[in-house]
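# got a structure for you, letters missing:
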């Protein structure tokens, strides 16, 4: 015979309480659906755009074309693509990713959903006419894998390109090849440190505080340097990647962009 502790909650066994919980959940869903039905016009889209620019753009880019977070202009969403799923992802975040939960009220979340939907509708990405197979050859021949990792092959001095087609729009990829310094994620800005003993360090800044700087040095690996030992310290705003504007023909550029765009989550490169 099961023993019950006096005063212990029995909500998991009380049909009345379970019914109340279900009713509250249904009312919440109904309220969210009702708000969704009221949102969707131009004013709501613009309100969503303002919220997006102030809170979402640091990760997804000012135009939603990708940053730390994935590209939102393609209309492909890998954690649910219905309005309700987008609402839930924005409200509660996505477990296992850098997407945090948000503090916006129901109407504001629907306004963000409305704006995100509009991004794919107004996406101006040109059709891809390049040859991805030739683009893959060019990526290998032009030394891109010296710095970039693609499906387990390559270096680590630049962003991992294994699923870059899911993270960036084709326009963004093209611009990154032509003008690499236009968009440089902070974690890929190169820090240069000169020690008081004339030692030199070059690499990606990993962490820093009042007492020390942690650097992923290109030659030494993960290195911690005491601030007391630093004579000069700076972080470059531009990219260490060279521009391929004059190094690739127009057709070759199309091929490389097509190849990079083909690197999708759950898909093999063409």
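Received it, and whenever you're ready, just let me know what you need. Just so we're clear, the structure is a prediction, and the values are computed from it rather than from any experiment. Numbers count the residues shown, from 1 in each chain.

# quick one, helices of the stretch 1-150 of the chain?
15-38, 42-51, 57-60, 83-92, 106-121, 132-141 (DSSP state H, counting those that start in this stretch).

# Would you single out the least confident of those?
Ranked by mean pLDDT, the helices of the stretch 1-150 of the chain bottom out at helix 15-38, with a mean of 52.

# remind me, longest strand of the protein?
If you go by DSSP state E, the chain has its longest strand at strand 200-208.

# What helices and strands are in contact with that one?
strand 190-195, strand 212-217, strand 221-226 (3 or more CB pairs under 8 Å, 6 or more residues apart in numbering; DSSP states H and E). Any C-beta I mention is one placed from the backbone N, CA and C, and that applies to glycine too.

# any idea how far that strand is from the chain center?
In this view, strand 200-208 has its centroid 22 Å away from the chain centroid, taken as CA atoms, centre = their mean, to the nearest Å.

# now that strand against strand 190-195, angle please.
Angle, strand 200-208 to strand 190-195, by axes from the mean of the first three to the mean of the last three CA atoms, to 10 degrees: 110 degrees.

# Show me which positions of strand 200-208 end up buried.
201, 203-205 (16 or more other CB atoms under 10 Å).

# Looking at those, which is nearest residue 183?
residue 204 (16.2 Å; CB to CB).

# Kindly list the single helix or strand of the protein that scores lowest on mean pLDDT.
Least confident helix or strand of the chain, by mean pLDDT, DSSP states H and E, is helix 15-38 with a mean of 52.

# just to revisit the earlier point, could the helices and strands packed on strand 200-208 be laid out in CSV, adding distance to residue 100 and mean pLDDT?
As requested, those are exported to CSV (distance: least, CB to CB, whole Å; pLDDT from 0 to 100):
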stretch, distance to residue 100, mean pLDDT
strand 190-195, 26, 96
strand 212-217, 24, 94
strand 221-226, 26, 96
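
# wait, which of these is closest to residue 182?
strand 190-195 (16.2 Å).

# still on that earlier bit, residues in contact with the longest strand of the chain?
Residues outside strand 200-208 that contact it (CB atoms under 8 Å, 6 or more residues apart in numbering): 186-195, 213-220, 222-223, 225, 235.

# among those, which ones are buried?
Buried members of the contacts of strand 200-208, scored by 16+ other CB under 10 Å, are 188, 190-191, 193, 213-217, 225.

# Same list, those residues, but as CSV with distance to residue 138 please.
Shown next, in CSV, are these (distance: CB to CB, whole Å):
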residue, distance to residue 138
188, 22
190, 25
191, 30
193, 35
213, 37
214, 35
215, 32
216, 28
217, 30
225, 38
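
# Return the member of those residues nearest to residue 58.
Of all these, residue 58 sits closest to residue 188, with 15.2 Å by CB to CB.

# quick one: residue 95 from residue 71, how far?
According to CB to CB, to the nearest Å, residue 95 and residue 71 sit 21 Å apart.

# For the two, indicate the residue with more neighbours.
Under the criterion of other CB atoms under 10 Å, the comparison of residue 95 against residue 71 puts residue 71 first, with 29 against 7.
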